[in-house]
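Undergrad: A structural model of the following input is requested.
(one chain, ligands or ions: 1)
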Amino acid sequence: QSEPAGVTATAAPVDAERKRAQQGQYVTTAQGARLTDTDHSLKAGRRGPTLLQDHHFREKITHFDHERIPERVVHARGAAAHGVFRANGAASTITRAQFLQKGVETPVFVRFSTVLGSRGSADAVRDTRGFATKFYTEEGTYDLVGNNIPVFFIQDAIKFPDVVHAAKPHPDREIPQAQSAHDTFWDFVTLHTEAAAHTMWNMSDRGIPRSFRMMEGFGVHTFRLINADGGTSLVKFHWKPRLGVHSVVWEEAQLINGFDPDYHRRDLADAIESGAYPEWDLGVQVFPDNPEQTFEGIDLLDPTKIVPEELAPVQVIGTMVLNANPTNFFAETEQVAFHPGHLVPGIDVTDDPLLQGRLFSYLDTQITRLGGPNFAQIPINRTHAPVNDMLRDGFHQHAVHTGVAPYKPNSLDAGCPFAAGVEEGAFIDFPVELPPAQKERAASRTFDDHFSQVRLFYISLSEVEKAHVAEAYTFELGKCYEQAIKERGLQELANIDPDLCATVAAGLGLPVPEPTIPLSDPTPSPALSQIGSTWPVD
Ligand code: HEM
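TA: Here you go, the predicted structure:
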């Protein structure tokens, strides 16, 4: 089988490093001195104590002692693959991004993950899945760091430590490993009703996907695209799997986790190895960039809301195929560093307060996780665009910079090839006009409706899917010890759907509460419920 298009370029830095790391036919020290024996330490006599002099022993053991790095604070367990993205040109009127112009092929690296489990946890748990894509474009690296669920638990990034603390294992007993069945998680999501939408998606079949290859991906936030004429639009990104969206049922998930905790990573790797390359269409929902940043009354800056596809259809702008497995899990899957702030000309962020916080968090955490500020030089993180940054020194610096210290303006480095002030081809922060405002710690009032879209989602499900949702809430809430949390969970369901609430209340043996808000009566939205369906492909 010939090398798939686009993969060679991505794998090239990794292969070059591999060749550098494993040369010749002899075992050597890290300094390249040939060894004859790596099985015995140097001792004072065959039965004597080991000598401090034994550099080879100390180097081997010391390096082993430091083999592990911290796992990601969230999304610790993941699996990844290389591939290529091919743009169909449909986005060329709305963005100047080079990799989205017709026919352009861009190497990609995608990491799928669960959110809450540790590196060694099981795959088929009820949880959100990460779907992070690194596009190695000629204009710099673009990262689309999304999830398989289109909404998020919180509307403001300052609550991220709270939701993660509430959902991760208890500090005393380190149980449980999955997002389920404990009081702190349900305490948080029932006290923060903005979490109702994400929680419902988790309790639906979307929370237990059958395969990474059969998941949708969502950028979640609204982004701003800028075209060649400076015109802007607001968009939401969607990945649509060519294999359709499929889940397992709860009992299957339990069996899978018992028989094969590595089910999802095995499935991805096996599929690619056998040539059954998974494919996704990348699509956008496009909205006019109006000053309110709303569409049909939906606040586009609220990450707990979707825009139903009937109101704004997803338009396909390209297709991604994953066609090569990583060569080395640690070098690539573990060390890859995504960041929602890795942008290219033509794609910009919005003021969504969750996205704004993410723009700080990823670089910050990766400085600890990857041992200092130079992890962009790790082969999997290297951009394919030319680099001429002004960053110097620091732990694990691999570059050998020449010339005077970097500062601008600078009259001494006339030979320096880059000039400030050249806009052609540069990333320019889009000059968004801000309305007069005062500083305050408060949410936008347009973020207040926490229930009508959750009801919309529930009503759009098939009867079988609804039954699964009721069973999931009954099982998970039933595992809480605190009666008050169960009751608050039921109160939330009463505000979403009376039938669902009654079914779960019966399962828990608790009375059915009255809704505290008027129930909305949304039109069922078939596009929301796509389990078992396939995206229309050309
Ligand atoms: C990691 C998605 C919200 C902080 C990740 C990863 C994904 C992701 C896919 C895994 C990346 C990988 O495979 O390496 C999302 C989405 C969010 C969201 C879709 C909301 C829409 C947040 C927020 C914060 C945050 C609000 C903090 C304010 C982190 C951190 C990591 C992470 C610290 C670990 C990164 C690393 O160690 O490399 N997120 N996230 N995320 N996320 Fe988020």
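Undergrad: who in the stretch 151-300 of the chain is up against the ligand?
TA: Residues of the stretch 151-300 of the chain that fall close to the ligand, judged by CB under 6 Å from any ligand atom: 152, 157, 160, 220. From N, CA and C alone the C-beta is placed, and that goes for glycine too.
Undergrad: can you pull out the helices in this structure?
TA: With helices called from DSSP state H, the chain shows them at 7-21, 55-65, 160-167, 183-191, 196-203, 250-259, 263-273, 353-369, 452-460, 463-478, 483-494, 498-508.
Undergrad: before we move on, back to that, taking the residues of the stretch 151-300 of the chain next to the ligand together, which two end up most distant?
TA: 160 and 220 (13.2 Å; CB to CB).
Undergrad: Highest neighbour count among the residues of the stretch 151-300 of the chain next to the ligand?
TA: Among these, residue 152 has the most neighbours (other CB atoms under 10 Å), with 27 neighbours.
Undergrad: coming back round to it: show me the common contact partners of residue 160 and residue 220, please.
TA: Listed as contacting both residue 160 and residue 220 by CB atoms under 8 Å, 6 or more residues apart in numbering are residue 354.
Undergrad: what does the stretch 351-500 of the chain have sitting close to the ligand?
TA: 354, 357, 358, 361, 362, 365, 366, 369.
Undergrad: can you put those in a markdown table and add pLDDT and neighbour count?
TA: Below are these laid out as a markdown table (pLDDT from 0 to 100; neighbours: other CB atoms under 10 Å):
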| residue | pLDDT | neighbour count |
| --- | --- | --- |
| 354 | 98 | 22 |
| 357 | 98 | 16 |
| 358 | 98 | 21 |
| 361 | 98 | 17 |
| 362 | 98 | 18 |
| 365 | 98 | 16 |
| 366 | 98 | 21 |
| 369 | 98 | 17 |
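Undergrad: Let me know the closest of these to residue 250.
TA: Closest to residue 250, out of all of those and judged by CB to CB, is residue 354, at 29.4 Å.
Undergrad: Now for the closest one: which residues touch it?
TA: Applying CB under 8 Å, 6+ apart, the residues near residue 354 are 152, 154, 155, 156, 157, 160, 220, 221, 303.
Undergrad: so how many other residues sit close to residue 388?
TA: Neighbour count for residue 388, taken as other CB under 10 Å: 9.
Undergrad: Give me whichever of the helices of the chain is most buried.
TA: helix 196-203 (a mean of 25; mean count of other CB atoms under 10 Å).
Undergrad: so where do the strands sit in the chain?
TA: All strands of the chain, identified by DSSP state E, fall at 78-87, 105-114, 129-137, 140-147, 217-218, 223-226, 232-241, 279-288, 294-295, 298-299, 315-324, 347-348.
Undergrad: count of residues packed around residue 155?
TA: 24.
Undergrad: partners of whichever residue of the stretch 101-250 of the chain sits closest to the ligand in the sheet?
TA: The stretch 101-250 of the chain approaches the ligand most closely through residue 130 (2.8 Å), counting by CB to the nearest ligand atom. Applying DSSP bridges to residue 130 gives these bridge partners: residue 113, residue 147.
Undergrad: Quickly note the distance from it to residue 494.
TA: Look at residue 130 and residue 494: by CB to CB, to the nearest Å, they are 32 Å apart.
Undergrad: With residue 265 instead?
TA: 40 Å.
Undergrad: Show me where the stretch 101-250 of the chain dips below the pLDDT cut-off.
TA: Low-confidence segments of the stretch 101-250 of the chain, defined by pLDDT under 70, are located at 177-181.
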